[in-house]
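Enquirer: need the 3D shape of this:
(chains A, B and C)
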Amino acid sequence: MMGFLPYLVAAWLLLVGLYGVVTSRNLVHAITCLSVAQSSTYILLLSVGFERGGTAPIFLDVPVGTKAVDPVVGALTLTDVVVGATVSALLLALAVQAYKHHGTLDPERLKPERD
Amino acid sequence: MSPRLRRRVFLAAAAVAGALLLWGLTGLPDYGVYVGPYGDVLNQVAVAERKATNVVASVTFDYRGVDTMGEEYILFAAVLGVAILLRAQRDEHEEPPDEDAADRRAPGTSNAVRVVGLALVGPVVLYGLYLVAHGHLTPGGGFQGGVVLATAALLVYLSGEYVTLRRVSPELVTDLAESTGAAGYVAIGLLGVAAGATFLTNVLPLGQPGALLSAGTIPLINMAIGLEVAGGFMLLISEFLEQTLVIRRPGEVT
Amino acid sequence: MIVLEVTVFLLVAAAGTAVVVTRDPLNQAIVASFYGLVLGIMFFVYQAPDVALSQITVGAVALPLMILLALAKVRALEGSRRRDDR
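Expert: Predicted coordinates:
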């Protein structure tokens, strides 16, 4: 059971984030829920690479050959975090533009006009 | 589709998707048991091959350098998008401030905040530069150091010195810094081509592991990325800030 | 060590749920900053210091800042729009 807990947390965060996006009444709220859904992938990646009893993969003060966790997933996640925040900034700028043109941040009222 | 119906459809779909997801995740090895070979292989050989003691940095900027170049350009494109969206708005017209509040002034920042904020700017800039420069030795690197440097500019704004912020980081400088960082990565990659190897090969002398000048092109790439991320985040913050403030210089009436 | 890991995982799940359940964007920015900090602690428990550094600077400072600035801009636009209607 303990071996499965992080995967459970990752799946839960993904579904909760998506629920927030689907039932949101405010675009800025939806963008923050999207970033929660993104963070579930970080947890999944790092759980795959973790080795119990291992140290960080930095060999400045420990000799090469001590048990360490996987560096590849750490490399993938660290660029992901920074770039994800920048894309959220782009989405926020789009939300500000939508407010300027339509006067509302509610996705229900931002539907295309039909007439 | 009404919101209530949408919520019910989503909950049904999420139940199915969640069941499939959990079924797939049980196929993974238990948390804490690492089976794949790549991590162990890299931990054994990376220090000897690239003379960089931070194995994560050597994976990001050397073994998988092309992936990081792609991620850097996503960042560049996103900052470009924000600049296009928000600068076009700004040139349309300058709104005069709300007449009702013309005789009220926002309370200035307290002296405690101003002193602590300005006193911390120096150490934070130093810490950011340290993270960028030592990225190949200890945890850190271009991405983390760049964001810390952008946070130093934010501290200047929080201490109430917005005019100083604009003087210290005018738009031209942040634009130039970001573009130089983005172009620098490609230039370092072309260095490898000029030396007769493939794009982004580590062709500079490797030195001793643990020394500040070691690991060939990795410290140079760290500096290019640090410049780009710092310029990018400062540009983002100043674009959003520019939208919300009217700078009233003493003596103006507007 | 096991107790620490289980506690951190449950805290992350609870904080993520709290971010979604908070409906007002202004309150949500503060809860998102706390969530970023908790994630940073979790990455630290995972023995990944590089990722923890990234997450703490970005998720706890830069992202809530941009949310707050977007909200401030929307409020300024709302004020000028109300003035035009008058």
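Enquirer: poorly predicted segments of the chain, please.
Expert: You didn't say which chain, so I picked chain A. Scanning chain A with the threshold set as pLDDT under 70 gives A:113-115.
Enquirer: that's the wrong chain, I wanted chain C
Expert: For chain C, applying pLDDT under 70 flags the ranges C:85-86.
Enquirer: find the residue at the geometric middle of it.
Expert: residue C:32 (1.7 Å; Cα atoms, centre = their mean).
Enquirer: which helix or strand contains that residue?
Expert: Residue C:32 belongs to helix C:25-45 when elements are defined using DSSP states H and E.
Enquirer: using PDB, write down the CA coordinates of that helix.
Expert: Backbone C-alpha positions of helix C:25-45 (Å, rounded to 0.1, in the frame of the first residue of the first chain) are rendered in PDB as follows:
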ATOM      1  CA  PRO C  25      -9.200  34.100  -7.400                       C
ATOM      2  CA  LEU C  26      -7.700  36.500  -5.000                       C
ATOM      3  CA  ASN C  27      -7.900  34.000  -2.100                       C
ATOM      4  CA  GLN C  28      -6.800  31.300  -4.500                       C
ATOM      5  CA  ALA C  29      -3.500  33.000  -5.300                       C
ATOM      6  CA  ILE C  30      -2.500  32.800  -1.600                       C
ATOM      7  CA  VAL C  31      -3.500  29.200  -1.300                       C
ATOM      8  CA  ALA C  32      -1.600  28.500  -4.500                       C
ATOM      9  CA  SER C  33       1.500  30.000  -3.000                       C
ATOM     10  CA  PHE C  34       1.200  27.700   0.000                       C
ATOM     11  CA  TYR C  35       0.700  24.800  -2.300                       C
ATOM     12  CA  GLY C  36       3.900  25.700  -4.100                       C
ATOM     13  CA  LEU C  37       5.800  25.700  -0.900                       C
ATOM     14  CA  VAL C  38       4.400  22.300   0.200                       C
ATOM     15  CA  LEU C  39       5.400  20.900  -3.200                       C
ATOM     16  CA  GLY C  40       8.900  22.300  -2.700                       C
ATOM     17  CA  ILE C  41       9.100  20.400   0.600                       C
ATOM     18  CA  MET C  42       8.000  17.200  -1.100                       C
ATOM     19  CA  PHE C  43      10.600  17.600  -3.800                       C
ATOM     20  CA  PHE C  44      13.200  18.000  -1.000                       C
ATOM     21  CA  VAL C  45      12.000  14.700   0.600                       C
END
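Enquirer: briefly note if it comes near chain B.
Expert: No - applying Cβ under 8 Å from any Cβ of the partner chain, one finds helix C:25-45 separated from chain B by no less than 10.5 Å. (C-beta placed from N, C-alpha, C; glycine too.)
Enquirer: helix or strand: which one has the residue nearest to the spatial centre of chain A?
Expert: Closest residue to the average C-alpha location of chain A: residue A:38 at 2.0 Å, with Cα atoms, centre = their mean. Under the criterion DSSP H and E, the helix or strand holding residue A:38 is helix A:27-49.
Enquirer: tell me which helix or strand residue 79 sits in.
Expert: Went with chain A since none was named. Going by DSSP H and E, residue A:79 is in helix A:71-102.
Enquirer: my question was about chain C
Expert: helix C:63-85.
Enquirer: circling back to that earlier point, shouldn't the residue nearest to the centre of chain A be in contact with residue A:91?
Expert: No - using Cβ atoms under 8 Å, residue A:38 is not in contact with residue A:91; the gap is 11.5 Å.
Enquirer: follow-up on the earlier one: so who does the residue nearest to the centre of chain A touch?
Expert: A:17, A:80, A:84 (Cβ atoms under 8 Å, 6 or more residues apart in numbering or on different chains).
Enquirer: and the second one, how many residues sit next to it?
Expert: Residue A:80 is flanked by 18 other residues according to other Cβ atoms under 10 Å in any protein chain shown.
Enquirer: how about the nearest residue to it, chain neighbours excluded?
Expert: Spatial nearest neighbour of residue A:80, chain neighbours left out: residue A:42 (6.6 Å); criterion: Cβ to Cβ, 6 or more residues apart in numbering or on different chains.
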